[in-house]
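Trainee: the following comprises the amino acid sequence and a computationally predicted model.
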Amino acid sequence: MPLLYSTIALAVLGVLTTTTARAHHHDVQLVQLAQAQHHQHGKTSAAASASTKAYEAANDKMHKDMAIKYSGNADVDFARSMIPHHQGAIDMAKVALAHGKDPEIRKLAEEIIKAQEGEIAWMRNWLTKNAK
């Protein structure tokens, strides 16, 4: 019987090792794909529309501005990170208003601008009182 258990254990170990190696290979492939997509991000072709260029500029600015120096205070860091995130939504909504035609999207963009501006003001006020 011990030989049978040893054989089973080795078989299971072999399956787990193979599965782990495949999963690792798959993870590496996903990372490489993400890196390739990241390198392509922001590289608009000359034929790209004005709205595409504007969206990419707004997105790039938002991500750059969200790269804050963290303080270790979860509340402060949240507010500091969300301000540029909300500003990015405002900037993208303005692109939709400048280039879009659909009345429902335009209405949504206007609502986003109003709501996000209000939340940014609230967070700035909160930071003034609480971020020391």
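Mentor: Arrived safely.

Trainee: please count neighbours and contacts with C-alpha atoms only from this point.
Mentor: OK.

Trainee: count the residues that sit near residue 63.
Mentor: 14 (other CA atoms under 10 Å).

Trainee: now do the contacts for it.
Mentor: Residues near residue 63 by CA atoms under 8 Å, 6 or more residues apart in numbering: 84-85.

Trainee: with the one 4 residues further on instead?
Mentor: Counting by CA under 8 Å, 6+ apart, residue 67 touches residue 81.

Trainee: for residue 94, see how far away it is.
Mentor: Applying CA to CA, to the nearest Å, the value for residue 67 to residue 94 is 23 Å.

Trainee: also residue 124?
Mentor: Residue 124 is 21 Å from residue 94, by CA to CA.

Trainee: same check, this time on residue 69
Mentor: Residue 69 is 28 Å from residue 94, by CA to CA.

Trainee: ok, the two, which is more surrounded?
Mentor: More crowded of residue 69 and residue 94, by other CA under 10 Å: residue 94, with 20 against 9.

Trainee: element containing that one, please.
Mentor: Using DSSP states H and E, residue 94 maps to helix 74-99.

Trainee: now the helices: where do they sit in the chain?
Mentor: Taking DSSP state H as the criterion, the chain carries its helices at 2-40, 50-66, 74-99, 103-130.

Trainee: mean pLDDT lowest for which of the ones you listed?
Mentor: Mean pLDDT per stretch puts helix 2-40 lowest among the helices of the chain, at a mean of 52.

Trainee: just the buried residues of stretch 95-115, please?
Mentor: Of the residues in stretch 95-115, 95-97, 106, 109-110, 112-113 count as buried by neighbour count, 16 or more other CA atoms under 10 Å.

Trainee: these: which two are farthest apart?
Mentor: Largest separation among those by CA to CA: 95 and 112, giving 12.2 Å.

Trainee: how many residues are close by the residue nearest to residue 113 when sequence neighbours are not counted?
Mentor: Counting by CA to CA, 6 or more residues apart in numbering, residue 113 lies nearest to residue 90, which is 5.0 Å off, once chain neighbours are set aside. Neighbour count of residue 90, defined by other CA under 10 Å: 22.

Trainee: now residue 126
Mentor: Neighbours of residue 126 (other CA under 10 Å): 14.

Trainee: over to residue 82?
Mentor: Residue 82: 19 neighbours (other CA under 10 Å).
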